[in-house]
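1. Give me a 3D structure for the following:
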Amino acid sequence: MVSVDTNILVRYAVKDDPRQTELATAILAENHCFILCSVVLETAWVLETAYAYSPAQVFERLAHIFSLPTIAVEAYPAVISALDRYAAGLDFADALHLSLSEYQNKDGLLTFDKKFANAAGRLNVQHSVKLVR
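-> Okay, the predicted model is just below:
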């Protein structure tokens, strides 16, 4: 199993460079590939900021990649939970931090970020985001 970097996933998702798209597609098809949480986070960020993808588009592209038969994702249940929360309105990084915290069975996530705490509250997450004042 090989780990793949963000640029492999972005080329596959965006298809903006024919040669690299072909190589990325072959890598994902011909190898058992492991995707780290940090790579998922960076891929979402690149798709959103560099390519102006909407959260729905980011969700769709990542969900497609994760559905490939050769793909394994670190902390998969937490990453899927983060994608769902992202689609529901949380910033992806915040959603991933929260979901990974839950996945590790921690007692809440402390933050100074009022916007994050409020957004998490609106989603009624089981795992609390605690605003530090």
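2. Residue 34 and residue 76 touch, don't they?
-> No: contact criterion CB atoms under 8 Å: residue 34 and residue 76 do not qualify, at 10.7 Å. The C-beta positions use only the backbone N, C-alpha and C, and glycine is treated the same way.
3. Could you point out which residue ranges in the protein have low pLDDT?
-> Filtered on pLDDT under 70, the chain yields the residue ranges 126.
4. what does the domain assignment say about it?
-> The domain map for the chain lists 1-74, 91-133, with the assignment taken from automatic domain parsing.
5. Can you lay out these as a markdown table showing mean neighbour count and distance to residue 82?
-> A markdown table is the format used below for the domains of the chain (neighbours: other CB atoms under 10 Å; distance: least, CB to CB, whole Å):
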| stretch | mean neighbour count | distance to residue 82 |
| --- | --- | --- |
| domain 1-74 | 16 | 8 |
| domain 91-133 | 16 | 4 |
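6. Output these as JSON lines; include the columns distance to residue 85.
-> Output for the domains of the chain, formatted as JSON lines (distance: least, CB to CB, whole Å):
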{"stretch": "domain 1-74", "distance to residue 85": "10"}
{"stretch": "domain 91-133", "distance to residue 85": "4"}
